[in-house]
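S.K.: could you work out the structure for the sequence below:
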Amino acid sequence: MGKDNLWYLDGLNPPQREAVLHKGEPLLILAGAGSGKTRVITVKIAHLILHEGVNPRSILAVTFTNKAAQEMKERAIQICPQAEGVLIKTFHSFCAWFLRRNATLAGLDPHFSIYDEEDSLALLQSLYPDRERRMLSSFAFAIGRAKDYGLSPSDPLDRISLHPDFGEIYQRYSERLRQIGSLDFGDLILRSLEILRQFPEVKRRTQDRFRILLVDEYQDSNVAQHQLLKELYSPEAYICVVGDDDQSIYRFRGAEVGNLLTFADEFPGTRIIRLEQNYRSTEKILQAASEVVRNNRGRLGKTLWTNRKGGKEPLIFSCMDQDEEARICADLIQKHPNLETAILYRINAQSRVFETLFLREGIPYRLVGTVRFYEREEVKDALAFLRFLQNPKDEVSFRRIVNKPSRGIGLATVDAILSHQEAVTEGLLRAMEVEASLRKGKTLENLNGFLTLCHRFWEELETLELSRFVELVIRESGLEEYHRTQDQIAGSQKLRNLEELVNAAAGYPRGRDGLAQFLEDIELDAAAVTDEEHRTERPMVTLITMHNTKGLEFDRVIVTGMEEGLFPRGGDESEEDLEEERRLFYVAITRAKEELYFTFCRTRRLHGRIQEVEPSRFLRELPDSVWEQSKPFVNRVASTSFGKNGFEPGTLVYHEEYGQGMVIRQWEKDGILVVLVRFENGRVAQFIPRYEKRLEKVTRDG
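M.R.: Residues are numbered from 1 along each chain as shown. Alright, predicted model coming up:
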């Protein structure tokens, strides 16, 4: 056919065009960030139908979210209306489609139910009513992970869980699911694999139907999904997978980057085409991304380039602490308010400081992928306990915390407590004492335990610094351990959010008045949110974790919290973990179109205390030109190693009356050094070190 019949190829660069026109042997498209891979896939679908005469019904295209599948279908139909007949689905929705058509072979009703995580946990609770919910949650998580790896109860499960009961629990859970004719998400893949392996005629029929297999975001596939693809493939089929080994950041969800790295070995004769031209970012930004990711060993290798030569050099800012970090970000935003800006961070807890400052400064913002800090479950749990201690008549807070975590004080007992109307007017603890006088045995023990806990908290409230008090309540109430378990199960960051709540309390005085002011400020901050998202005079700043930025782009990106122990997390991380963290940094960098900034703190408030921290090792992997350009901003805050006078900004000090603090400013008056210090209790005071002998420098080793 002539060129006019291939009009849809117009605008494609040579590697994109080669990928669209490729046919025959298996194809692996290594698509770098911002390289136009979605366009390649949709044009390829259209080309197969319009030019190669492929029946749309014989094409199966798989991606990882329903939104991406819908977008792919819409874009393909715009080029070729016949693409309406192409099956474009997620792995899970394809398997649901497949199982409903082969339900009888699987021993299922075609109208089977699909269980989500809560349903799975409820089923385990029905099987093991005497086991704690927290333990069952960990088993539910482990079962899901086993299925991600394609493992049945009869397979070796040591890599999943070392608990001696896990195999038996997984077996009983699976048997019960089959008895009631339901499937969980992992089952959708595993039961489809079972049918394809046990019934050759079904496998052959399915392979005959789908002669074209296209898979997007293949670096995010898990082991079971990779096995499924191999079962669907036949030598007569054409297979093409698209992915970026440098953007594999979901291993905690079961994703296996090895599926992409070993694809050419699994499918002999594979042709590899690299899409390296980036249409999003400037040359300077891409140089930074390439310098960082080349430090990873587990990659096939590619180098992004662009026609957008030059651009602004990325900059690194050194900050005294997270409060100054937020202020620097606000200044950058207010300098050019019309740029679409994203502030990226490693964990959700980091958003609190930005939320608080932006509300006060009137900077419109939106949170992506999470709820606002003070609306998060774990934060609301802790605040409910604090509100109840502040006001023992607060029935709403009482109901939330009296049995969370479980203290053996059930709803019937709570209702009985609230029935003592006269006592309730004196406070719910008084009502609880009345109810306790009517009880005996375990219930009496449980009520007395809660009463003792609350009375202890009241005693400590007047003596402890408020941040220490909040930390005590979170720990001794059981909320710390409860949410630590939730983190282990779901890979969430609830414990870090609770630690950030402790940090938020650090600037307040001790006692009931300090607690009242703290809670009042939180309420006022929350109230200020109400109309914030309706502002339209300028773009809203996006607050978002690095993981949630996948697939997004912004004019200006500020990557915050670039410190060891935060990003990368440090500790006992393996080399594999570190490489995934570096890939996450690469993803963060490649979100920026025009401007890119990095911030790190010299000190960060952790667990309510000011601690010295080190810049992230990833910053050292940036090009020398970035560091050269950043010198004025990195050296703004003097190093914590003592200089000429020993009290440069950022220096940690200790005062026997005020406690630990940090120098935030210094100047000379009549030739004498004067320093301004911010203490952990929130107080800011001025000293002349020559005369104030109670002010001591704190060295790194204490």
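S.K.: any stretches of the chain with poor pLDDT?
M.R.: Residues of the chain meeting the criterion pLDDT under 70: 1-4, 421, 424, 489-491, 524-538, 571, 635-645, 669-671, 699-702.
S.K.: distance of L87 from W97?
M.R.: Distance of L87 to W97, given as Cβ to Cβ, to the nearest Å: 8 Å. All C-beta spots, glycine's among them, are computed from the backbone N, C-alpha and C.
S.K.: same question for V43.
M.R.: Computed as Cβ to Cβ, the V43 to W97 distance reads 25 Å.
S.K.: go on, I343?
M.R.: I343 sits 40 Å away from W97, going by Cβ to Cβ.
S.K.: who's more crowded, the two?
M.R.: Neighbours were counted for I343 and for W97 using other Cβ atoms under 10 Å; I343 has more, 28 against 14.
S.K.: and the strand or helix carrying the more buried one, what other elements does it pack with?
M.R.: According to DSSP states H and E, I343 maps onto strand 341-345. Using 3 or more Cβ pairs under 8 Å, 6 or more residues apart in numbering; DSSP states H and E as the contact definition, the elements that strand 341-345 packs against are helix 322-335, strand 541-545, strand 554-559.
S.K.: need the contact partners of it.
M.R.: In this structure, residues lying in contact with strand 341-345 by Cβ atoms under 8 Å, 6 or more residues apart in numbering are 329, 332-333, 351, 354, 539, 541-546, 549, 552, 554-561, 588, 591.
S.K.: stretch 50-64 too?
M.R.: So stretch 50-64 is contacted by 1, 5-6, 8, 23, 41, 45, 48-49, 69, 72, 80, 82-91, 94, 209-217, 220-221, 232 (Cβ under 8 Å, 6+ apart).
S.K.: E564 against P615, yeah?
M.R.: Yes - using Cβ atoms under 8 Å, E564 is in contact with P615, at 7.2 Å.
S.K.: next secondary structure after the strand holding I343?
M.R.: With secondary structure assigned by DSSP H and E, strand 341-345 is succeeded by helix 351-361.
S.K.: pull out the buried positions in that next one.
M.R.: Residues of helix 351-361 classed as buried by neighbour count (16 or more other Cβ atoms under 10 Å): S351, R352, V353, F354, E355, T356, L357, F358, L359.
S.K.: next, count neighbours for S137.
M.R.: S137: 20 neighbours (other Cβ under 10 Å).
S.K.: just to be sure, it is in a helix?
M.R.: Yes - read with DSSP: H, G, I helix; E, B strand; the rest coil, S137 is one of the residues of a helix.
S.K.: what about it, distance to T38?
M.R.: With distances taken as Cβ to Cβ, S137 is found 37 Å from T38.
S.K.: and the strand holding I343, which strands flank it?
M.R.: Sheet pairing for strand 341-345, assigned by DSSP bridges, gives strand 541-545 (parallel), strand 554-559 (parallel).
S.K.: now I664, what are its backbone angles?
M.R.: The phi and psi values for I664, taken as degrees, to the nearest 10, are phi -110, psi -20.
S.K.: that one is in contact with L676, isn't it?
M.R.: Yes - in terms of Cβ under 8 Å, I664 counts as a neighbour of L676; the distance is 5.4 Å.
S.K.: who has more neighbours out of those two?
M.R.: Comparing I664 with L676 by other Cβ under 10 Å, the one with more neighbours is I664, at 18 against 15.
S.K.: ok, S397 to T443 distance?
M.R.: In terms of Cβ to Cβ, S397 sits 22 Å off from T443.
S.K.: out of those two, which sits in the busier spot?
M.R.: Taking neighbours as other Cβ under 10 Å, S397 and T443 compare with S397 leading, 22 against 18.
S.K.: SS state for the more buried one?
M.R.: helix.
S.K.: next one: it from R475, what distance?
M.R.: Plainly put, S397 is 19 Å away from R475 if you go by Cβ to Cβ.
S.K.: tell me the contacts of R387?
M.R.: Under the criterion of Cβ under 8 Å, 6+ apart, the neighbours of R387 are D394, S397, L519.
S.K.: burial of the first one, as a residue count?
M.R.: I take that to be D394. Quick note: D394 (other Cβ under 10 Å) scores 17 neighbours.
S.K.: wait, isn't it in contact with L386?
M.R.: No - contact criterion Cβ under 8 Å: D394 and L386 do not qualify, at 10.1 Å.
S.K.: what about the helices in the stretch 551-700 of the chain?
M.R.: 575-589, 624-634 (DSSP state H, counting those that start in this stretch).
S.K.: what's the most buried one of these?
M.R.: Per residue and on average, the most neighbours among the helices of the stretch 551-700 of the chain fall to helix 575-589, with a mean of 22 (mean count of other Cβ atoms under 10 Å).
S.K.: in terms of secondary structure, what does that one contact?
M.R.: Under the contact definition 3+ Cβ pairs under 8 Å, 6+ apart, helix 575-589 sits against helix 283-293, strand 554-559.
S.K.: and with 10 Å instead?
M.R.: Applying 3 or more Cβ pairs under 10 Å, 6 or more residues apart in numbering; DSSP states H and E, one finds that helix 575-589 makes contact with helix 283-293, strand 341-345, strand 541-545, strand 554-559, strand 592-601.
S.K.: quick check: which of these is nearest to T463?
M.R.: strand 592-601 (30.6 Å; Cβ to Cβ).
S.K.: hang on, the earlier thing: which residues do E564 and P615 both contact?
M.R.: Shared contacts of E564 and P615, defined by Cβ atoms under 10 Å, 6 or more residues apart in numbering, comprise F600.
S.K.: what's around T425, how many residues?
M.R.: Counted with other Cβ under 10 Å, T425 comes out at 10.
S.K.: distance check, it against H483.
M.R.: 33 Å.
S.K.: which ones are touching E580?
M.R.: By Cβ under 10 Å, 6+ apart, the residues touching E580 are S248, I249, Y250, R251, F252, A255, V257, N296, G298, P568, E573, S574.
S.K.: dump these to CSV, plus distance to L315 and secondary structure.
M.R.: Output for those, formatted as CSV (distance: Cβ to Cβ, whole Å; DSSP: H, G, I helix; E, B strand; the rest coil):
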residue, distance to L315, secondary structure
S248, 28, coil
I249, 24, coil
Y250, 30, coil
R251, 31, helix
F252, 31, helix
A255, 32, coil
V257, 31, coil
N296, 24, coil
G298, 30, coil
P568, 21, coil
E573, 28, coil
S574, 32, coil
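S.K.: select only the buried ones of the residues you listed in PyMOL?
M.R.: A single PyMOL command selects the buried members of the contacts of E580 (16+ other Cβ under 10 Å):
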select buried, resi 248+249+250+251+255+257+296+568
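S.K.: just name the closest of the contacts of E580 to R604, please.
M.R.: Of all the contacts of E580, R604 sits closest to P568, with 15.0 Å by Cβ to Cβ.
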